[in-house]
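Colleague: structure for the following, please:
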Amino acid sequence: MRAVLVDRGAPANLSLGEAEEPTPAPSEAMVRVEVISLNRGEVRRAQTAEAGFNPGWDLAGTVERAAADGTGPQAGARVVGLLPSGAWAELVAVPTNSLAELPESVSLELAATLPVAGLTALYALEKGGGLIGRSVLVTGASGGAGNFGIQLARLSGAHVVALLRREEHEELAKEAGAHQVAVGEDAGSAERFGPYHLVLESVGGKVLGDAIGMLAPGVTCVSFGVSGGTEATFDVRSFYFTGAAKLYGFILFHEVLAHPASDGLARLARLVAEGRLEPQVSVEGSWNEISDVAQRLLDRGYTGKAVLRVGGY
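Modeller: The predicted structure follows:
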């Protein structure tokens, strides 16, 4: 079968090649992949992975063979799924607890945006408990997870503040549902809207350090990215005198061990079907363009999500 593979001679280290078809375990369905979505984390991994590695987390397609143990969607079902690697291929074996059947009105292109970005936003927001009337800060708000975070926080009844690096992305954040937008390389511009009852933090560096100082007592800053730097400093005295404030390290593939992706994906797909959640797709194309689109993602050449249709030569 054809698959996206790490190729040291290609732009962004990615190109199409040949791979062996998977052999599903009893609890896995065989899925014919029709659309994939890109995330910064998997593209960055491709920059250091060995040649021939098959990356990919997000997929949408059709079940070709149901799981042998009888769980999950049946053959012919349109599905969205999450894998720790290997999703960028024509055929994939997906555990049924990482697979959700799609409502008829949800396109595969929209569904493919949901696994990593949507689940990250959904499960990170749940660390904040009840959010009605609470203030939530979403950093890195122009990215896929940030956009979903704004929308889902607004749906949860929160007062949402979006933090962006660039002024030209302000309208996108407002369209997603942000009540206020702060712009800057650090989080200082968001301080006037705090304190915050939950922070969804994907930038790291100085932004994380600033955000920790804006927490209300007893609440959480959920850290799930380091796009702006891997080291942060903060006022420890101020942090512990806030009272029961928490910094939570969030890794999606750890979270889904306790909270299966199938549940979250079904919830997100239902919100899309109801018109209450609108994935922001900025780039659409063929997976023949994987090198170019991945490099544009590394270069911050677009906001939101990129989806690529599988197939074609």
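Colleague: what segments of this structure are helices?
Modeller: 40-46, 108-111, 119-125, 144-155, 170-176, 205-212, 236-242, 252-258, 261-273, 290-298 (DSSP state H).
Colleague: now the angle from the last one to helix 144-155?
Modeller: Taking axes from the mean of the first three to the mean of the last three Cα atoms, to 10 degrees, one finds helix 290-298 and helix 144-155 inclined to each other by 60 degrees.
Colleague: touching helix 290-298 from outside, list them.
Modeller: Residues outside helix 290-298 that contact it (Cβ atoms under 8 Å, 6 or more residues apart in numbering) are 4, 10-12, 14-16, 38, 40, 43-44, 46-47, 88, 283, 285, 301-302, 306, 308. Quick note: C-beta positions are derived from backbone N, CA and C, even for glycine.
Colleague: buried members of the residues you listed into PyMOL, please.
Modeller: A single PyMOL command is used to select the members of the contacts of helix 290-298 judged buried by 16 or more other Cβ atoms under 10 Å:
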select buried, resi 4+10+12+14+15+16+38+40+43+44+46+88+283+306+308
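Colleague: could I get the helices of the chain in JSON lines, plus columns for mean pLDDT and distance to residue 59?
Modeller: What follows is the helices of the chain, written out as JSON lines (pLDDT from 0 to 100; distance: least, Cβ to Cβ, whole Å):
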{"stretch": "helix 40-46", "mean pLDDT": "94", "distance to residue 59": "12"}
{"stretch": "helix 108-111", "mean pLDDT": "98", "distance to residue 59": "9"}
{"stretch": "helix 119-125", "mean pLDDT": "98", "distance to residue 59": "13"}
{"stretch": "helix 144-155", "mean pLDDT": "97", "distance to residue 59": "15"}
{"stretch": "helix 170-176", "mean pLDDT": "96", "distance to residue 59": "24"}
{"stretch": "helix 205-212", "mean pLDDT": "96", "distance to residue 59": "31"}
{"stretch": "helix 236-242", "mean pLDDT": "94", "distance to residue 59": "40"}
{"stretch": "helix 252-258", "mean pLDDT": "97", "distance to residue 59": "15"}
{"stretch": "helix 261-273", "mean pLDDT": "98", "distance to residue 59": "11"}
{"stretch": "helix 290-298", "mean pLDDT": "96", "distance to residue 59": "14"}
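Colleague: deepest-packed of these, please.
Modeller: Among these, ranked by average contacts under mean count of other Cβ atoms under 10 Å, first place goes to helix 144-155 (a mean of 28).
Colleague: against which helices or strands is that one packed?
Modeller: Applying 3 or more Cβ pairs under 8 Å, 6 or more residues apart in numbering; DSSP states H and E, we find helix 144-155 packed against helix 119-125, strand 135-138, strand 159-164, helix 170-176, strand 196-201.
Colleague: those: which one's closest to residue 150?
Modeller: With Cβ to Cβ, the closest approach to residue 150 among the helices and strands packed on helix 144-155 belongs to helix 170-176: 4.1 Å.
Colleague: so what secondary structure elements neighbour that closest one?
Modeller: Counting by 3+ Cβ pairs under 8 Å, 6+ apart, the packing neighbours recorded for helix 170-176 are helix 144-155, strand 159-164, strand 180-183.
Colleague: what does the longest one rub up against?
Modeller: The set of residues that contact helix 144-155 without belonging to it, under Cβ under 8 Å, 6+ apart, is 39, 113, 116-118, 120-122, 124-125, 131, 136, 138-141, 160, 162, 172-173, 176-178, 198, 200, 202, 224-225, 271, 276-280, 303-305.
Colleague: show me which of these are buried.
Modeller: Counted by 16+ other Cβ under 10 Å, the contacts of helix 144-155 give 39, 113, 116-118, 120-122, 124-125, 131, 136, 138-141, 160, 162, 172-173, 176-178, 198, 200, 202, 224-225, 271, 277, 279-280, 303-305 as buried.
Colleague: residues in contact with the residue sitting nearest the centre point of the chain?
Modeller: Centroid-nearest residue in the chain: residue 117, 1.4 Å away (criterion: Cα atoms, centre = their mean). Going by Cβ under 8 Å, 6+ apart, residue 117 touches 37, 39, 143-145, 147-148, 305.
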